[in-house]
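Colleague: after the sequence you'll find the predicted model.
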Amino acid sequence: MRSKAAERLRNLIERKTATVGIIGLGYVGLPLAAACARAGYKTRGFDIDSAKIDELNAGRSYIDAVPSSELAALVEKGMFTSTADFAHLEECDIVIICVPTPLAPGHEPDLSYVEKSTAAIAKTLRAGQMVVLESTTYPGTTTEVIKPTLDAGGLSEGTDYFLGFSPEREDPGNHRFSTTTIPKIVSGESTISADLVSEFYSRVIKKVVRVSSTAVAEATKITENVFRAVNIALVNELKQVFDVMGIDVWEVIDAASTKPFGFMPFYPGPGLGGHCIPIDPFYLSWKARQHGFPTRFIELAGEINHSMPAYVASRLTEALDLHFALPVDQARIFVLGLAYKPNVSDTRESPALSLIQLLERRGARVDFHDPLIGTIPNTRDYPELAGRTSSPLEVGKLSSYDGVLIVTDHSSVNYDLVAKEAKMIVDTRNVMRGRLCTGILVKA
């Protein structure tokens, strides 16, 4: 039987009179906030970055998935506002946590953003509120980390307040799927909470998939990204094996893909990027160790993927010596693509940053071009690169460089110009296939 608090919240959700609060207005939180507002729920965004708040309240978006024109319309209609004052969480009936879950220096989970968000919610938690975690994390986080903090105020989960987990599944730059069209995994700490979480998201997202517990939902998201990480590691290792055999791994994958069953193509690259795939497997490995279980396969995949920038840098160094008898510390290198994936402006965990750092530590002079990123943002791992600006790709420019390193295959780059002018191209994305290169082409 539902409590009065549960019944009241259900009515608010059903009538779309519930106010939704989104903590964290990045690549996950802002698209979700826009989706909730479009669905008819008044939505308030929360973020510690006051500069972001000012931009959003002025109707200016910094996320490609949410055009400024759409955001401005939602702001003008009063459907979306944002603030850095977390005391306003009390006014929200539904609070969704969409904050980063990075790795600590020792490859251990860093839940500090989740913990701080939960503490902020706990300060104003009242009967009838629902809290949902969307941040990717290890199985058990909702139960072991969030619930005790919220329970400490004396309210009872499932009766007074309601707690769930629904993992984000954003894919920046994917125009086939958006926040509202990607099936949504939902769960709750109690049956009543699961009911309410499902009822809410079903009014925002086209398809909702309910699972039996928050731990299952947490494990589902981890499994999705471990699956990708392991398979990418496999083809990255195959690439290195086939390189020494003189075999083109890209041709092998294309040929294997003609099999209509039993094979799914994954493609090699210069290393993993983005917030999920390079990080999530380590969350699971850490949690598995708490249960005394070693995840050797997953950890090996992480090691292979993590080593790819060093492998690419070595291939470039060897090619300079082989073809030009040029030491890398005397070379000028032009890096094409800074983002972690094509056609987005996201640099999170991008292997391009690692490659620039590796090459410069070996003495090379490195410039970069990215049509979507004008300036390298400040990052925890590469603070020395912050503020560096993209160099234009123009006729006559590449001939002054000893090598062009293709890291990210943005579709708007003039690769025909690269093929015509570059002395040597080190291609990690197979974008030069089919193009007649004037200089030397090295696949890495």
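Modeller: Alright, I've got the coordinates.
Colleague: going by C-alpha atoms from here, please, whenever you check contacts or count neighbours.
Modeller: Will do.
Colleague: chain center to stretch 188-206, what's the gap?
Modeller: Averaging C-alpha positions (CA atoms, centre = their mean, to the nearest Å) puts stretch 188-206 24 Å from its chain's average.
Colleague: show me what it is in contact with.
Modeller: 2, 6, 9-10, 13-14, 35-36, 39, 130, 132, 142-143, 157-158, 162-165, 179-184, 186-187, 208, 210, 212-214 (CA atoms under 8 Å, 6 or more residues apart in numbering).
Colleague: drop anything exposed from these.
Modeller: When neighbours are counted using 16 or more other CA atoms under 10 Å, the contacts of stretch 188-206 contain these buried positions: 6, 9-10, 13, 35-36, 130, 132, 142-143, 157-158, 162-165, 179-180, 182-184, 186-187, 208, 210, 213-214.
Colleague: need the helices for this protein, in chain order.
Modeller: 4-15, 29-38, 50-57, 68-76, 112-124, 141, 147-151, 191-201, 214-245, 249-256, 280-290, 296-324, 351-361, 415-421 (DSSP state H).
Colleague: what's the neighbour count on residue 73?
Modeller: Using other CA atoms under 10 Å, residue 73 is surrounded by 13 other residues.
Colleague: packing partners for the helix-or-strand element of the chain with minimal mean pLDDT?
Modeller: The weakest-scoring helix or strand in the chain, judged by mean pLDDT, DSSP states H and E, is helix 280-290 (a mean of 92). Packed against helix 280-290 by the contact rule (3 or more CA pairs under 8 Å, 6 or more residues apart in numbering; DSSP states H and E) you find helix 214-245, helix 296-324.
Colleague: can I get the ones you listed in CSV including distance to residue 348 and mean pLDDT?
Modeller: Rendered in CSV, the data for the helices and strands packed on helix 280-290 read as follows (distance: least, CA to CA, whole Å; pLDDT from 0 to 100):
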stretch, distance to residue 348, mean pLDDT
helix 214-245, 16, 96
helix 296-324, 14, 95
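Colleague: nearest to residue 430, of the ones you listed?
Modeller: Relative to residue 430, the nearest member of those by CA to CA is helix 214-245, separated by 11.9 Å.
Colleague: could you list the buried residues of the closest one?
Modeller: So for helix 214-245, counting by 16+ other CA under 10 Å, buried means 214-222, 225-226, 229-237, 239-240.
Colleague: what lies in contact with stretch 356-376?
Modeller: Residues contacting stretch 356-376 (CA under 8 Å, 6+ apart): 310, 313, 328-339, 343-345, 382, 385-393, 410, 412-413.
Colleague: brain fart, stretch 317-328
Modeller: 359, 362, 363, 364, 402, 403, 442.
Colleague: in strands, which of those residues appear?
Modeller: 403, 442 (DSSP state E).
Colleague: walk me through the domains of the protein.
Modeller: If you go by automatic domain parsing, the domain ranges for the chain are 4-211, 231-443.
Colleague: need the winner for burial among these.
Modeller: Among these, domain 4-211 has the highest mean neighbour count (mean count of other CA atoms under 10 Å), at a mean of 20.
Colleague: how far out from the middle of the chain is that domain?
Modeller: Averaging C-alpha positions (CA atoms, centre = their mean) puts domain 4-211 17 Å from its chain's average.
Colleague: measure that domain end to end?
Modeller: With CA to CA, to the nearest Å as the measure, domain 4-211 spans 25 Å from end to end.
Colleague: also stretch 14-29?
Modeller: First-to-last residue span, stretch 14-29, CA to CA: 22 Å.
Colleague: low pLDDT regions in this protein?
Modeller: Across the chain, no stretch falls below the confidence threshold (pLDDT under 70).
Colleague: go with 80
Modeller: Where the chain drops to pLDDT under 80, the residues are 1.
Colleague: what is the neighbour count of residue 1?
Modeller: Counted by other CA under 10 Å, the residues lying close to residue 1 total 7.
Colleague: spit out the contact partners of it.
Modeller: Not one residue lies near residue 1 by CA under 8 Å, 6+ apart.
Colleague: against residue 192, how distant is it?
Modeller: 9 Å.
Colleague: now do the same contact list for residue 117.
Modeller: Neighbours of residue 117 in contact, by CA under 8 Å, 6+ apart: 23, 97.
Colleague: switch to numbering from 37
Modeller: From this message on, residue numbering opens at 37, which makes the last subject residue 153.
Colleague: if I look at it, how far off is residue 136?
Modeller: 11 Å.
Colleague: what does residue 125 give?
Modeller: 19 Å.
Colleague: now do residue 144
Modeller: In terms of CA to CA, residue 144 sits 14 Å off from residue 136.
Colleague: same check on residue 119?
Modeller: For residue 119, the distance to residue 136 - CA to CA - is 18 Å.
Colleague: repeat for residue 306
Modeller: Between residue 306 and residue 136 the computed distance is 24 Å (CA to CA).
Colleague: nearest spatial neighbour of the most centrally placed residue in the chain, skipping sequence neighbours?
Modeller: Geometric centre of the chain, nearest residue: residue 311, 3.3 Å, by CA atoms, centre = their mean. Leaving aside its sequence neighbours, residue 311 sits nearest to residue 384 (CA to CA, 6 or more residues apart in numbering; 6.0 Å).
Colleague: isn't that neighbour up against residue 312?
Modeller: No - taking contacts as CA atoms under 8 Å, residue 384 lies outside contact range of residue 312: 9.5 Å.
Colleague: please list all residues in contact with the closest residue to residue 438 other than its chain neighbours.
Modeller: Once flanking residues are discounted, residue 438 sits nearest to residue 368: 5.4 Å by CA to CA, 6+ apart. Listed by CA under 8 Å, 6+ apart, the contact partners of residue 368 are 400, 401, 402, 403, 436, 437, 438, 439.
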